[in-house]
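**Student:** sharing a model that was predicted from the sequence below.
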Amino acid sequence: MRLRAALEDAGIDAGADGGRAIEETRERYRLAAKATNDTIWDWDFAANHVLWNDALEEAYGHPLATLDTSGDWWIAQIHPDDRARVYDSIHAVIDGDGME
């Protein structure tokens, strides 16, 4: 949905050609993400829901099929000594206060 909204904001019609453009963009994104082996996530803060790419399982061994998709799970995976700092840093960026 977010990709569709971004393309619509960019003036790409969601009709037949727009649908093809969306699929092509998705495929390019998927290939780029796979080629870099980077773990990529999208955290919807309002819903406290996190979507992950396949690299999470490959890099850290967390099976996507059985993964808790809440932001709380992700925060719980951070070392306790670092947890508050990371959480505060994320929210500082979101709030527009920049990064440390």
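**Tutor:** Thanks, I have it. Values in this document were obtained by computation on a predicted structure and should not be read as measured data.
**Student:** where along this protein do the strands fall?
**Tutor:** 41-44, 49-52 (DSSP state E).
**Student:** so which of the ones you listed is nearest residue 72?
**Tutor:** Nearest to residue 72 among those is strand 49-52; the distance by CB to CB comes to 9.4 Å. No exception for glycine: its C-beta is placed from N, CA and C like everyone else's.
**Student:** longest single helix anywhere in the chain?
**Tutor:** In terms of residue count, the longest helix belonging to the chain (DSSP state H) is helix 16-36.
**Student:** same question for that one, mean pLDDT?
**Tutor:** Throughout helix 16-36, pLDDT has a mean value of 84.
**Student:** list the buried residues in that helix.
**Tutor:** Within helix 16-36, the residues that count as buried by 16 or more other CB atoms under 10 Å are 21-22.
**Student:** run through the neighbouring helices and strands of it.
**Tutor:** helix 2-9 (3 or more CB pairs under 8 Å, 6 or more residues apart in numbering; DSSP states H and E).
**Student:** who's in contact with stretch 46-58?
**Tutor:** With contacts defined as CB atoms under 8 Å, 6 or more residues apart in numbering, stretch 46-58 is touched by 33-34, 37-44, 62-64, 67, 69-74.
**Student:** next, the distance between the ends of stretch 38-54.
**Tutor:** With CA to CA, to the nearest Å as the measure, stretch 38-54 spans 9 Å from end to end.
**Student:** what do you get for stretch 34-53?
**Tutor:** End-to-end distance for stretch 34-53: 9 Å, by CA to CA.
**Student:** ok, and for that stretch, which residues are buried?
**Tutor:** Applying 16+ other CB under 10 Å to stretch 34-53 flags 39, 43, 50, 52-53 as buried.
**Student:** what's the answer for stretch 68-83, then?
**Tutor:** For stretch 68-83, by 16+ other CB under 10 Å, it's 69, 71, 74.
**Student:** could you give the mean pLDDT of it?
**Tutor:** Stretch 68-83 carries an average pLDDT of 94.
**Student:** leaving out the residues flanking it, which one is nearest to the spatially most central residue of the chain?
**Tutor:** The residue lying closest to the centre of the chain (CA atoms, centre = their mean) is residue 42, at 2.0 Å. Counting by CB to CB, 6 or more residues apart in numbering, residue 51 is the residue found nearest to residue 42 once chain neighbours are left out, at 4.6 Å.
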